[in-house]
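Visitor: Predicted structure and sequence below. I'll ask about it afterward.
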Amino acid sequence: MKRYIYYRIMIAVLIIMALAGCGDSSPILIGFSGQLTGQMSDLGVYGRNGATLAIENINNTGGINGHPLKLIAKDDMNTPDGALQADSELIEAGVVAIIGHMTSSQTEAALPFVSEQGVVMISPTTSSPKLSSKTDSFFRTMSENSSQSTELAEYAHSALDIKTVVAVSDIANKSYSLSFTGNFESVFTNYGGKLIQKITYSSNAPEIWDNIAQSVNDLQPDGLLLVCSAHDAIAIAQRIRPQDSKIRLLSGAWAYTDELMKWGGDYVEGMIFVIDYAADNPNPEFIKFRESYKNRFGKMPSFASAFTYEAVLALAEGLKKNGGSHEGLADAMAPSKTINGVIGPFKLNEYGDVLRNIFIVTVQNGNFRTVEMR
């Protein structure tokens, strides 16, 4: 009888041990690094929210090979030192990859260190061409800015009949702003236009909006290229538009946020953007994403939300291939098959650069409206 009880106990113990082994559901740690405080925090907060939603949806369908994803978010404070500190803390915490950064300058500052640690970095919104066409552990889900600035220059000259432009660029993110402005000037000049002056400033320095506005008004250009955040674009437009209501405002992706709609009002009406995102995208997947995001966070998503959501999707595809480890993750991620993103289908090429469509977008009656897709 005692022997029978002993065997029953041993069998129960073995079953429990087997179930414990089979039921290992330790989380896969994913890092997010972006500006979560300060005047550009809308970019980072919307990005973090997009990552959160994607991870929740993946976990609701079983995670990665039975393992849930867990997001650890850090504030890079929109500075190079902050980026390095945030990424160091994430790597120490054991993340298999870092989603970030949200600006090109912070990405370039932190990428060498992250690469040395053997960790993948996938940026939702870094578009500097300096990082293109390289075999490394860096990936992105936004097109590089040379493709955006090329389309913007062509559209400004050919469709809007703009002949002269003044550019205002924030050199606090000079990796993005100077390359965007430089390529715009090259293409615009080839079409016969003229960039008559390049004005630079730093959002980290005291505000000089009145001085910038005076310089632009003195030059009387047909168009004003704003390569800056929504906060700064609004401040400049508020000072330019009362003096010259006919000047056309042009921008890349950086200023394309809800903050522009909320505070820009009539000052930004008719502003033209080129970006691989459209708020009125009719894609069923995007409509579903938009509603899910609104229900989860109480507001509409921005381009940063969507690109970060898709960064998680691209990362998840790689983790499924390599079993959820950081080992071999870069090779597993690119080149990728077509990924059914929320904006639309996209691929990562052999260098980890994204391939996707681009939208021409304007502000019409206080809303973003797509003009055309290219």
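Guide: Looks like it arrived, so ask away.
Visitor: which residue ranges form the helices in the stretch 151-300 of the chain?
Guide: For the stretch 151-300 of the chain, the helices defined by DSSP state H, counting those that start in this stretch occupy 174-190, 209-219, 230-240, 258-264, 284-297.
Visitor: Mean pLDDT lowest where, among these?
Guide: Within these, confidence is poorest for helix 258-264, with a mean of 91 (mean pLDDT).
Visitor: helices or strands up against it?
Guide: helix 230-240, strand 359-364 (3 or more Cβ pairs under 8 Å, 6 or more residues apart in numbering; DSSP states H and E). Yep, even glycine has a C-beta here, placed from its N, CA and C like the rest.
Visitor: want to throw the ones you listed into CSV with mean neighbour count?
Guide: Formatted as CSV, the entries for the helices and strands packed on helix 258-264 read as follows, by neighbours: other Cβ atoms under 10 Å:
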stretch, mean neighbour count
helix 230-240, 22
strand 359-364, 20
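Visitor: nearest to residue 292, of these?
Guide: Nearest of the helices and strands packed on helix 258-264 to residue 292, taken as Cβ to Cβ: strand 359-364 at 21.3 Å.
Visitor: buried stuff in the helix or strand that the closest one is followed by?
Guide: Moving toward the C-terminus from strand 359-364, the first helix or strand encountered (DSSP states H and E) is strand 367-373. When neighbours are counted by 16 or more other Cβ atoms under 10 Å, the buried residues of strand 367-373 are found to be 368, 370.
Visitor: Run me through the strand neighbours of strand 367-373, direction for each.
Guide: With DSSP bridges as the criterion, the sheet partners recorded for strand 367-373 are strand 359-364 (antiparallel).
Visitor: Kindly export the partner strand (C-alpha atoms) in CSV.
Guide: The C-alpha trace of strand 359-364 is given here as CSV (Å, rounded to 0.1, in the frame of the first residue of the first chain):
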residue,chain,number,x,y,z
PHE,A,359,1.6,60.0,-49.9
ILE,A,360,1.2,63.7,-50.8
VAL,A,361,-1.0,65.1,-48.0
THR,A,362,-2.4,68.6,-47.3
VAL,A,363,-4.3,70.3,-44.5
GLN,A,364,-7.9,70.9,-45.6
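Visitor: Just the mean pLDDT for it, thanks.
Guide: 96.
Visitor: so what pLDDT did the spatially most central residue of the chain get?
Guide: Centroid check for the chain by Cα atoms, centre = their mean gives residue 125 as the closest residue, at 2.4 Å. What the model reports for residue 125 is a pLDDT of 95.
Visitor: On the three-state scheme, it is what?
Guide: Secondary structure, DSSP: H, G, I helix; E, B strand; the rest coil: residue 125 is coil.
Visitor: With the one 5 residues further on instead?
Guide: Reduced to three states with three-state DSSP, the structure at residue 130 is helix.
Visitor: Verify the stated contact: it with residue 174.
Guide: No. Taking Cβ atoms under 8 Å as the contact criterion, residue 130 and residue 174 are not neighbours in contact, 11.0 Å apart.
Visitor: Tell me which of those two has more neighbours.
Guide: The neighbour count for residue 130 versus residue 174, taken as other Cβ atoms under 10 Å, is higher for residue 174 (18 against 13).
Visitor: can you pull the contacts of the spatially closest residue to the more buried one that is not a sequence neighbour?
Guide: Taking Cβ to Cβ, 6 or more residues apart in numbering, and ignoring the residues beside it in sequence, residue 174 has residue 105 as its nearest neighbour in space, at 6.5 Å. Contact analysis of residue 105 by Cβ atoms under 8 Å, 6 or more residues apart in numbering lists 80, 172-176.
Visitor: Reformat these as a markdown table; add distance to residue 48.
Guide: Shown next, in a markdown table, are those (distance: Cβ to Cβ, whole Å):
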| residue | distance to residue 48 |
| --- | --- |
| 80 | 20 |
| 172 | 21 |
| 173 | 19 |
| 174 | 24 |
| 175 | 22 |
| 176 | 20 |
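Visitor: Out of those, which end up buried?
Guide: Among these, those classed as buried by 16+ other Cβ under 10 Å are 172-176.
Visitor: Residue 33: neighbour count?
Guide: The burial metric for residue 33, expressed as a neighbour count using other Cβ under 10 Å, is 33.
Visitor: sorry, back to before: want to try JSON lines for the helices of the stretch 151-300 of the chain, with distance to residue 42 as columns?
Guide: JSON lines is the format used below for the helices of the stretch 151-300 of the chain (distance: least, Cβ to Cβ, whole Å):
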{"stretch": "helix 174-190", "distance to residue 42": "16"}
{"stretch": "helix 209-219", "distance to residue 42": "19"}
{"stretch": "helix 230-240", "distance to residue 42": "7"}
{"stretch": "helix 258-264", "distance to residue 42": "5"}
{"stretch": "helix 284-297", "distance to residue 42": "12"}
